[in-house]
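Student: return atomic coordinates for the entry below.
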Amino acid sequence: MKQRTEKELLGEAAGGDSGAFGEIVRRYQQLVYATAARITGEPAAAQDIAQETFVSAFSRLPELRSKAAFPAWLRAIARNTALAWRKEQGRSVQLEDADTLPSDAGGPEDEAEREAERIEGNAFQAEIRRIVSSLSETLRFPVVLCYLNGVPTKEAARFLGISEGAVRKRLHDGKKKLQERIIGMAEKTLQEYRLPRDFARRCICGCRRAIAARSRKATERR
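Tutor: As a prediction, this is how the structure comes out:
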C-alpha cells in the first residue's frame, strides 16, 4: 500500500478524518512535545500541552492556507500554548506577541525560551553539584581541588599530605563514580520525558471529541 504524503494526510484531516491526522501526530509528536517541555520544564504539563496543541491544530486545519507551512504553524501553536501555561502558573513571561502566531519558526529564540533555557541550565548545574556532594569526603575533596578548581595533582598531594599517586587514584575513583551517577541521572530524566505509547491515540480521541462538539454547535445553530 502506497504511503500517503503529508499533504494528502493534511487534506484528509482538514475534511474531518481524525485517523489521517493520527498519522500526522505520530510524525510530529516528539517535536511538539520537545517544544513544550523546553518552555515548561515540566514533563507532565508538556504532555498535556502537546495533546492540546494537536487537538487545536486539528480543529483549525481549515484555516491553514498552505500545507507546506504546517510544521512552522504547528510549532507556533505549541509555543503559544506552552507560553500561556507559563503565564497561568504565574511565571514572568515578557513577550508582547505571545498570543500571536509568528510567521517564521526559524527566527531567533524569544525571551521566554531563553528564560526556559536558563532555568534548565541552573537546574542541571544544581544536580551536578548534588552528585559531587554525594561523593565520600575522601574522593570529593581531590575532585573539587583538581577538577573544579584546577589545582595540579602534585600541589593537591602536598596539601592533603598524601602521595601524588594516591591523589590520582582518588581522582580516578571519583570520576568513575561521578560518571555512573550522571548516567543514572540522565536515564531517569529520559524516562520522565518519554511520551506514553498511546499518546497518538489520546490525541485522536481528543480530535474526535472536537468533531462531536462542532457537530453539536452546528445543530444548535439550525
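Student: check contacts around R170.
Tutor: By CB atoms under 8 Å, 6 or more residues apart in numbering, R170 lies in contact with T138, L139, P142, V143. To be clear about C-beta, it is placed using only N, CA and C from the backbone, and glycine gets the same treatment.
Student: separation between the residue lying farthest from the centre of the chain and V167?
Tutor: Residue farthest from the centre of the chain, counting by CA atoms, centre = their mean, is G161 at 47.2 Å. G161 is 11 Å from V167, where distance means CB to CB, to the nearest Å.
Student: ok, A44 next?
Tutor: Distance, A44 to V167, by CB to CB: 45 Å.
Student: who has more neighbours, these two?
Tutor: V167 (24 against 9; other CB atoms under 10 Å).
Student: next SSE after the helix-or-strand element of the chain with minimal mean pLDDT?
Tutor: Lowest by mean pLDDT, DSSP states H and E among the helices and strands of the chain is helix 111-133, with a mean of 71. Beyond helix 111-133 on the C-terminal side, the first helix or strand identified by DSSP states H and E is helix 137-142.
Student: report all helices and strands that that next one contacts.
Tutor: Contacts defined by 3 or more CB pairs under 8 Å, 6 or more residues apart in numbering; DSSP states H and E place helix 137-142 against helix 153-160, helix 164-192.
Student: so for stretch 41-60, mean pLDDT?
Tutor: Mean pLDDT, stretch 41-60: 90.
Student: oh sorry, the question was meant for stretch 188-198
Tutor: 73.
Student: quick one: end-to-end length of it, please.
Tutor: The first and final residues of stretch 188-198 sit 21 Å from each other (CA to CA, to the nearest Å).
Student: could you do stretch 151-166 as well?
Tutor: Terminal residues of stretch 151-166 lie 15 Å apart, using CA to CA.
Student: in it, what's buried?
Tutor: V151, T153, A156, A157, L160, A166 (16 or more other CB atoms under 10 Å).
Student: which of those residues sits closest to C203?
Tutor: Using CB to CB, V151 comes nearest to C203 of those, at 54.1 Å.
Student: would you list the contacts of R170 in a markdown table and tack on pLDDT and neighbour count?
Tutor: Putting the contacts of R170 into a markdown table (pLDDT from 0 to 100; neighbours: other CB atoms under 10 Å) gives the following:
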| residue | pLDDT | neighbour count |
| --- | --- | --- |
| T138 | 89 | 13 |
| L139 | 90 | 21 |
| P142 | 89 | 26 |
| V143 | 87 | 19 |
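Student: biggest separation within those, which pair?
Tutor: T138 and V143 (10.2 Å).
Student: how close does F199 get to G22?
Tutor: Applying CB to CB, one obtains 10 Å for the distance of F199 from G22.
Student: now find how far off-centre stretch 47-55 is within its chain.
Tutor: Offset of stretch 47-55 from its chain centre (CA atoms, centre = their mean, to the nearest Å): 13 Å.
Student: where does this protein dip in pLDDT?
Tutor: Applying pLDDT under 70 to the chain flags the ranges 1-2, 90-121, 123-124, 189-193, 214-215, 217-222.
Student: so V167 makes contact with F141?
Tutor: No. The criterion here is CB atoms under 8 Å, and V167 misses it with F141 at 9.9 Å.
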